[in-house]
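Q: Have a look at this prediction, sequence included:
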Amino acid sequence: MIRTLQPLEAVIHIGPHKTGSTSIETALIINQRIRRALEQDGYAVPDQFPGIFPIHSAKNPANLANELRQPGPADGATWRWVAAYANHSFASGKNLLVATESLSTFVPAENLEQLATMLTKDVGYAVRVVMVYWREYQRLVSLHTQVSIKEVQGNVSCYLPLVEYLERDGGVPHKLYQSLARKFRGLGRVELLNLHTIPNGSSLVHEFVCRHLHAPRACAALRFGSARATTMNDGLSRALNAPLFDVILGAARAGGVGQIDLQKSVRIFHRFRLRGRPELADARRCINAATMERLWAETKAAECFVLSRRLSVPETAALHADFSAHASQYCSVNVDRLRHSLPTLDKAVRNAVKVGRLPTPPPLSALAEAKRELNCKRAYMESVVLRL
């Protein structure tokens, strides 16, 4: 156990979603080598929060966020467990480390204030909050992929193409990082880990452990062991999945398929090496100029916030060049326009739908079907609209 003259800290990583949070959560809880090293560095890493997520799992700390979303969280079993754990860790001279991206969404500010009071005044910790910055024009495409894979498996008709996803009200979050920082300053000091400034050869997990936790033993375990992690490791979060979703799901709907394993279908489609086919590019429909301008304005404002200053002219030009280089991602495929070209893609599409097709569930009542549709559309909406 390491004791220092510095006050003991409760370090809380809050995501937000689709910024590599799973890599951090997995490294801290599942990777036993890093976990043991963190304990030697003086950190207590809880992984037995009561709730729906299993103990010892990377998502277990999300049970704390679930508790904080409820009215009167201090009356819940998870809260009582956290308070007891925090008191024991503090008495043992341990820093507290909690990592869950779920804290960044739908947690009322008054409940965060209760958590701050418990950790600081009741227990004695100094609280430090770490959030990861990934530019919105990259994060939102990845977020769309994640929500589509999760939601469409239950209902092909639920799918919302990327263009509609971004163009609707709230599709481009307004001042996401500024709002999160303002909200969590009531909990403690807020730090930003900038994905875009991670040195070559390093990783998100390495930067978090070495530069934000200042944990030398865990840092060494990452540097010299087999625990190195890539910055972003979600293979299905690459660019241009959205056009493939459009083609596969358009074919599924035309064929009367109601449920599909989208992840499996995309993998099959990739095997045919048709991702860059000109038919897909020619049938693209991209976000309108107003949405593109709104996305650029939010990007520039967030970058200024992260740097705590205005961008210089060269910095603005470099940022805009990168933004423009990613512009081809903000498109969907107009399936109607593609139909005349489908014979050349027919084999790949038919195989993708066939392999991904799921058994047709029993028919639902009209009310149940309407409720499912509503929940599906809400999933897309709530993936980006934060109740801050």
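A: All right, it came through fine. Residues are numbered from 1 along each chain as shown.

Q: residue contacts, the residue lying closest to residue 62 once chain neighbours are set aside?
A: Among residues not flanking residue 62 along the chain, residue 102 sits closest, at 4.2 Å (Cβ to Cβ, 6 or more residues apart in numbering). All C-beta atoms are positioned from the backbone trio N, CA, C, and that covers glycine. Listed by Cβ atoms under 8 Å, 6 or more residues apart in numbering, the contact partners of residue 102 are 15, 61, 62, 65, 66.

Q: Assumed residue 102 was part of a helix.
A: Yes: inclusion of residue 102 in a helix is indicated when DSSP: H, G, I helix; E, B strand; the rest coil is applied.

Q: Residue 15 versus that one, what's the distance?
A: 7 Å (Cβ to Cβ, to the nearest Å).

Q: which helix is the longest one in this protein?
A: Ranked by residue count and defined by DSSP state H, the top helix of the chain is helix 289-307.

Q: Just give me the neighbour total for the closest residue in space to residue 61 that isn't next to it in sequence.
A: Leaving out its chain neighbours, the residue that sits closest to residue 61 by Cβ to Cβ, 6+ apart is residue 100, at 4.0 Å. The number of residues packed near residue 100 is 24, by other Cβ atoms under 10 Å.

Q: what's the spacing between the residue nearest to residue 62 and residue 168?
A: Residue 102 is 24 Å from residue 168, by Cβ to Cβ.

Q: Then residue 101?
A: Using Cβ to Cβ, residue 101 is found at 23 Å from residue 168.

Q: Please apply the same query to residue 32.
A: Between residue 32 and residue 168 the distance is 44 Å, computed by Cβ to Cβ.

Q: quick one: which of those two has more around it?
A: residue 168 (15 against 9).

Q: low pLDDT regions in the chain?
A: Within the chain, the ranges that satisfy pLDDT under 70 run 1-5, 153-154, 224-242, 272-283, 335-346, 372-373, 377-379, 381-388.

Q: Outline the domain layout of it.
A: As assigned by automatic domain parsing, the chain contains the domains 9-135+173-224, 140-169+235-382.

Q: re earlier: out of the contacts of residue 102, which are inside helices?
A: Under the assignment DSSP H, the contacts of residue 102 contribute 62, 65, 66 to helices.

Q: On the C-terminal side of the longest strand along the chain, identify the next helix or strand.
A: Across the chain, the strand with the greatest residue count (assigned by DSSP state E) is strand 126-133. On the C-terminal side of strand 126-133, the closest following helix or strand by DSSP states H and E is helix 136-152.

Q: As a check, name the ranges of all strands in the stretch 201-350 of the chain.
A: If you assign secondary structure with DSSP state E, counting those that start in this stretch, the strands in the stretch 201-350 of the chain sit at 284-286, 331-333.

Q: Mind putting those into a markdown table with mean neighbour count and distance to residue 188?
A: Shown next, in a markdown table, are the strands of the stretch 201-350 of the chain (neighbours: other Cβ atoms under 10 Å; distance: least, Cβ to Cβ, whole Å):
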| stretch | mean neighbour count | distance to residue 188 |
| --- | --- | --- |
| strand 284-286 | 16 | 41 |
| strand 331-333 | 24 | 41 |
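
Q: Out of those, which is closest to residue 86?
A: Residue 86 lies closest to strand 331-333 among the strands of the stretch 201-350 of the chain, at 46.6 Å (Cβ to Cβ).

Q: The closest one - contacts with which helices or strands?
A: In terms of contacts (3 or more Cβ pairs under 8 Å, 6 or more residues apart in numbering; DSSP states H and E), strand 331-333 is packed against helix 162-167, helix 241-254, strand 284-286.

Q: Give the full set of residues in contact with residue 253.
A: So residue 253 contacts 156, 157 (Cβ under 8 Å, 6+ apart).

Q: one more time with 10 Å
A: Taking Cβ atoms under 10 Å, 6 or more residues apart in numbering, we find residue 253 in contact with 156, 157, 159, 260, 335, 353.

Q: which of those has the most neighbours?
A: For those, the largest neighbour count, defined by other Cβ under 10 Å, is 26 neighbours, found at residue 260.

Q: Next, the closest residue to it other than its chain neighbours: phi, psi?
A: If the residues on either side of it in the chain are set aside, residue 260 comes closest to residue 356, at 4.5 Å by Cβ to Cβ, 6+ apart. The phi and psi values for residue 356, taken as degrees, to the nearest 10, are phi -90, psi -10.

Q: The residue nearest to residue 61 contacts residue 51, correct?
A: No: Residue 100 sits out of contact with residue 51 when judged by Cβ atoms under 10 Å, with a separation of 11.1 Å.

Q: tell me, what's touching these two both at once?
A: Common contacts of residue 100 and residue 51 (Cβ under 10 Å, 6+ apart): 59, 60, 61, 62, 63, 64, 65, 66.

Q: For my notes, please list those residues in CSV and give neighbour count for each entry.
A: Output for these, formatted as CSV (neighbours: other Cβ atoms under 10 Å):
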residue, neighbour count
59, 20
60, 21
61, 28
62, 20
63, 25
64, 26
65, 24
66, 19
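
Q: Among those, which one sits closest to residue 124?
A: Closest approach to residue 124 among these (Cβ to Cβ): residue 64, at 18.9 Å.

Q: Surely that closest one and residue 77 touch.
A: No: Residue 64 is not in contact with residue 77 according to Cβ under 10 Å; the separation is 11.5 Å.

Q: Since that was my last question, I'll sign off now.
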